[in-house]
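Asks: Give me a 3D structure for the following:
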Amino acid sequence: MCTTPSSAPPPPPPLPPVTCESKFKSNKPNEVSEDPSICEWASSEVDLKKACITYQICLTRAPFRYKYKHFQYILQEGPTCGLVALSMLIGGEVAPEELLNLSKFLGYSNNGEMLSCKDMAKLAEKVLNLAEMENITCTLKKGGLYSPEIIEDLLNGAILLVPYDADHNHSPCLKQGHTAHWALVCGIIIIEDPGEANTDSSNVYVLCRHGKSKLVAAWTLDELHKSNMNLLEFCPKKAKDGLLYVQPEGGLGGENGLRDQFLLFKYT
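Replies: So this is what the prediction gives:
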């Protein structure tokens, strides 16, 4: 009996070319690159190194200047992003659940929402006292998020609590306040020597924690500033979702709201 020989199997597909990006990024999102030369300057801080690899910042050489302070992440439940960020700031000494109860008692929130920087500043003062953290001062700031003064404060170890609009990936966007979120700014990276001009908005990154991710985010200070400036109104959809929210007099864009405001924490 005659048989027909089977055809040879097709050759394997060619290997993908090795690019700079594939070299620097891991196939696993939470895994740091195995190449020790990548972000070697950040090797003492695993979360900082992950952030710089993820956002492709200073991969092969150290930045001009940087400062980073580690905070343990806390993931939020419900609309408690501001309370979670505040709890991260104090190392969980007062848990988000306790902050929610306290904010309800004080009339600042019903569901965990914090739609007033003034109320957040008053809550922060009480929480710092509860946690007996006398070495931290809290100041409500109006304007000047993207300024030489704030940049210098961050380089000297200050921490910010900033409201902004969050996109689908939680990065800053411009949705008029409809996706208002809070971020804990725990570091800064200045990539190149800015010289005297200091006008390159892509040269200054801030390192941020927030309640919807375990990872440290890196955004330009300029985009965070612009997002903070566009917090004009409460989300119309949320206004009709059947829950009662504590909204500030004058709305998000007013002096009692969120727009162009943030909290500055300094260690003494």
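Asks: For burial, what's the neighbour tally of the residue nearest to residue 77 when sequence neighbours are not counted?
Replies: Of all residues not flanking residue 77 in the chain, residue 96 sits nearest, at 7.6 Å (CB to CB, 6 or more residues apart in numbering). Using the backbone N, CA and C atoms, a C-beta is placed for each residue, glycine as well. By other CB atoms under 10 Å, 24 other residues sit near residue 96.
Asks: Which secondary structure state is assigned to the spatially most central residue of the chain?
Replies: For the chain, the residue nearest the mean C-alpha position is residue 208 (3.0 Å; CA atoms, centre = their mean). For residue 208, the assignment made with DSSP: H, G, I helix; E, B strand; the rest coil gives strand.
Asks: So for stretch 108-125, what gets flagged as buried?
Replies: Residues 108-109, 111-124 are the ones in stretch 108-125 that count as buried (16 or more other CB atoms under 10 Å).
Asks: which residues in the stretch 151-268 of the chain form helices?
Replies: Counting by DSSP state H, counting those that start in this stretch, the stretch 151-268 of the chain has these helices, from start to end: 221-229.
Asks: which residues of it score low on pLDDT?
Replies: Applying pLDDT under 70 to the stretch 151-268 of the chain flags the ranges 197-199.
Asks: Give me the nearest residue to residue 37, chain neighbours excluded.
Replies: That would be residue 60: by CB to CB, 6+ apart, it lies 7.4 Å from residue 37.
Asks: Counting residues, name the longest strand you see in this protein.
Replies: Criterion DSSP state E: the longest strand present in the chain is strand 180-190.
Asks: okay, the residue nearest to residue 77: pLDDT?
Replies: Residue 96 carries a pLDDT score of 97 in this model.
Asks: Residue 84 is in contact with that one, correct?
Replies: Yes: the pair residue 96 / residue 84 is scored as a contact, 5.0 Å apart, by CB atoms under 8 Å.
Asks: what's the overlap in contacts for those two?
Replies: Common contacts of residue 96 and residue 84, defined by CB atoms under 8 Å, 6 or more residues apart in numbering, comprise 74, 76.
Asks: any idea how far stretch 87-96 is from the chain center?
Replies: Computed by CA atoms, centre = their mean, to the nearest Å, the chain-centroid distance of stretch 87-96 equals 16 Å.
Asks: Buried ones in that stretch, by neighbour count?
Replies: Neighbour-count burial for stretch 87-96 [16+ other CB under 10 Å]: 87, 88, 89, 90, 94, 96.
Asks: Dump those into CSV; add secondary structure as well.
Replies: Shown next, in CSV, are the buried residues of stretch 87-96 (three-state DSSP):
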residue, secondary structure
87, helix
88, helix
89, helix
90, coil
94, coil
96, helix
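Asks: Test my guess that the residue nearest to the centre of the chain contacts residue 184.
Replies: Yes: counting by CB under 8 Å, residue 184 is a contact partner of residue 208 at 6.4 Å.
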